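Undergrad: Provided below for reference: sequence and predicted model.
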Amino acid sequence: MKNSAINATDILLRIKPSIYPEPFASRMAGREKRQLGDFFGLNNFGVNLTRLAPGAISALRHAHTKQDEFVYILQGCPTMHTNEGATQLEPGMCAGFPAGAGNAANLSNDTDSEVLYLEIGDRTPGDEASYPDDDLQAMLVDGQWSFTHKDGTPYE
């Protein structure tokens, strides 16, 4: 059994920087994730410690149908982009995105300093994600994300 407590920065970085297909995966350059929840074998929700280098983004702007998401800013001042527009965040601020609300969101680091934050989401089967700014949609199938164009054709 693994330790029940560890310094989060001692958990190895996720091996694959992005699960998005190209041309989207390369847009995640400068983002690093430590999958804290996976390290401890959590099955009902995920927790990531995520670092954004200057100029990096957290994800493509997206909304989930069944997954709640929550972010808590630890360091730096990212910009949160939602359907309502852009909001500057700072350490100690948090944001939540209820499942099915349709409020697509992501974070960008438009500063010269690193951003560090926690992201938490549940792992509800059958979740889907929409990406209003990109020709992409996703479906969670057997615990793995499957990506297609908006017309349903798969990425190769």
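TA: Perfect, thanks for sending it. Residues are numbered from 1 along each chain as shown.

Undergrad: pLDDT score for the residue lying closest to residue 105 once chain neighbours are set aside?
TA: The spatial neighbour of residue 105 that comes closest, neighbours along the chain excluded (Cβ to Cβ, 6 or more residues apart in numbering), is residue 82 at 4.6 Å. C-beta coordinates here come from the backbone N, C-alpha and C atoms, glycine included. Looking at residue 82, its pLDDT is 98.

Undergrad: now residue 82, what are its backbone angles?
TA: Note on residue 82: its backbone torsions stand at phi -130, psi -180 [degrees, to the nearest 10].

Undergrad: report the beta-bridge partners for it.
TA: residue 85 (DSSP bridges).

Undergrad: I figured it hits residue 103, correct?
TA: Yes: distance between residue 82 and residue 103: 5.4 Å, which falls inside the contact criterion (Cβ atoms under 8 Å).

Undergrad: where do the strands of this structure begin and end?
TA: 31-35, 45-52, 63-64, 69-75, 79-82, 85-88, 94-97, 106-108, 115-122, 128-130, 137-141, 144-148 (DSSP state E).

Undergrad: turn these into TSV, including mean neighbour count and distance to residue 24.
TA: Below are the strands of the chain laid out as TSV (neighbours: other Cβ atoms under 10 Å; distance: least, Cβ to Cβ, whole Å):
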stretch	mean neighbour count	distance to residue 24
strand 31-35	19	12
strand 45-52	19	16
strand 63-64	24	16
strand 69-75	17	18
strand 79-82	18	16
strand 85-88	11	21
strand 94-97	16	20
strand 106-108	20	12
strand 115-122	19	18
strand 128-130	17	12
strand 137-141	16	10
strand 144-148	13	8
